[in-house]
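S.K.: the sequence isn't on hand, but the structure is:
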Ligand SMILES: *Cc1c(COP(=O)(O)O)cnc(C)c1O
């Protein structure tokens, strides 16, 4: 299946491209991104057929439905990385927390956050494409803390690929920063910048669209690509776990096949929620997708009022930093799917130029038929963490935002799948504060406090970070990013 552009075609880009082209060069005409030309219809018998399928078998068949131009052995190798997750037979466990609330844990991969779900297989697919084409790629990533470690981990020492990873200095947890700055491989460059995540993401988008930067890379015989969730190569792997989690509910006899459920997603760049949206459009029985945010509540405003309004907004730092995002890139794919390319281009241009767009009443109704949204303040989040712990469930502050949406956004008593996007180890000071009242603990002290309180061990891969050498020391101003990357290459 081919891919088309969210903002229409400018006459310079091809009108449609293959999957491999879309992931190698993810930016389309007018600054748009790629989407599948049509979505495959899975149908009820697909779910029935996969009632007893393991994760990899399900994944393989979902990918096959998209008819992507990736060879079967490469897909097998990519999916085999799920064998390295905590439980090879079930990389995404579903845990019952209340009678009608189940948590789908997406963080059992090597970097302990849900970014591994997509980036682990994506790394294999992209580097094998580069190798087969005998081309070299610079993969750029901007991270609010979890994409960076996951991208570095997946591309480390892979052929034909170098990675430059931008993170906001001071905008990530200690564990996230250590996961990046202790990465030691010749093909990896980690760059801290003075600024917030939106600064990092804007710098990334600017470089991806810059003809002069590309020309300089060309002199070095290097192509440019991105590992952020603007890349459809990530989204395609994020459809799968929504379907898997639904089937887990059937296997646990919490629902019958065909029953509708709520998906409850802690959202930032909207990749996770978009995966749920596509799964729903492909036939997964979903009542609504609940979009949980923190105080950076642009998505709540969009879904409640139909306004995407950045005019008086600046990013605020919260205890769920992976969601400290105002320009949520994947909303564009929803706009395209609902309203088409011309309208998407118009709205995205308004957002870029006026920092604002407004949906019409009919458009808003279309949104609200599928999405509901709410946001969760940090102190509310800490209370949810505390209450869940009292009920025997330990969760991170991103996951906690879903508990608010679960309470406020449902209008039917249906089973809800909330997604847990990070392990407790990545955001331990907030959790320690919620559980013991301890203030301003360092990550390591907080990890120890929680481990003791919960009677569990700190995972070895987290503990080791605190004694590893720091190999990536660069911290610079935004305007020096391009120079720094060219020097690395
Ligand atoms: C990336 C991330 C999110 C946000 O996911 P999106 O797909 O960008 O909406 C939420 N929680 C954690 C822990 C993350 O790493």
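M.R.: Everything's here; your move. Please read these numbers as outputs of a predicted model, since none were measured by experiment.
S.K.: tell me how many other residues surround residue 339.
M.R.: 17 (other Cβ atoms under 10 Å). The C-beta positions use only the backbone N, C-alpha and C, and glycine is treated the same way.
S.K.: that one should be in a helix, yeah?
M.R.: Yes - under DSSP: H, G, I helix; E, B strand; the rest coil, residue 339 sits within a helix.
S.K.: from residue 235, how far out is it?
M.R.: According to Cβ to Cβ, to the nearest Å, residue 339 and residue 235 sit 19 Å apart.
S.K.: over to residue 282?
M.R.: Taken as Cβ to Cβ, the span from residue 282 to residue 235 is 13 Å.
S.K.: then residue 275?
M.R.: 6 Å.
S.K.: between the two, which is the more surrounded one?
M.R.: residue 275 (28 against 25).
S.K.: list the contacts for the more buried one?
M.R.: With contact set as Cβ atoms under 8 Å, 6 or more residues apart in numbering, residue 275 has these partners: 235, 238-242.
S.K.: select from these every entry located in helices.
M.R.: 235, 238-242 (DSSP state H).
S.K.: of these, which are in range of the ligand?
M.R.: Residues of the ones in helices among the contacts of residue 275 in contact with the ligand (Cβ under 6 Å from any ligand atom): none.
S.K.: Throw those into JSON lines and include pLDDT, thanks.
M.R.: Shown next, in JSON lines, are the ones in helices among the contacts of residue 275 (pLDDT from 0 to 100):
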{"residue": "235", "pLDDT": "96"}
{"residue": "238", "pLDDT": "97"}
{"residue": "239", "pLDDT": "96"}
{"residue": "240", "pLDDT": "98"}
{"residue": "241", "pLDDT": "98"}
{"residue": "242", "pLDDT": "98"}
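S.K.: distance check, whichever residue of the stretch 1-150 of the chain sits closest to the ligand against residue 479.
M.R.: Residue nearest to the ligand within the stretch 1-150 of the chain (Cβ to the nearest ligand atom): residue 146, separated by 3.2 Å. Distance check for residue 146 against residue 479: by Cβ to Cβ, it reads 26 Å.
S.K.: which of the two has more neighbours?
M.R.: residue 146 (27 against 9).
S.K.: surely that one is in contact with residue 398?
M.R.: No - in this structure residue 146 lies outside contact range of residue 398 using Cβ atoms under 8 Å: 9.1 Å.
S.K.: which residues of this structure lie near the ligand?
M.R.: Counting by Cβ under 6 Å from any ligand atom, the residues of the chain near the ligand are 113-115, 146, 229, 266-273, 322-323, 398, 421-422.
S.K.: next one, pLDDT for the closest residue to residue 57 other than its chain neighbours please.
M.R.: Using Cβ to Cβ, 6 or more residues apart in numbering and skipping residues adjacent in sequence, the residue nearest residue 57 is residue 50, 7.2 Å away. Residue 50 carries a pLDDT score of 97 in this model.
S.K.: got it, and residue 214?
M.R.: For residue 214, the predicted pLDDT is 92.
S.K.: ramachandran coordinates for it?
M.R.: Dihedral pair for residue 214: phi -60, psi -40, per degrees, to the nearest 10.
S.K.: let's verify the residue nearest to it when sequence neighbours are not counted: helix, strand, or coil?
M.R.: Closest residue to residue 214 apart from its sequence neighbours, by Cβ to Cβ, 6+ apart: residue 224 at 5.9 Å. Here residue 224 is recorded as strand under three-state DSSP.
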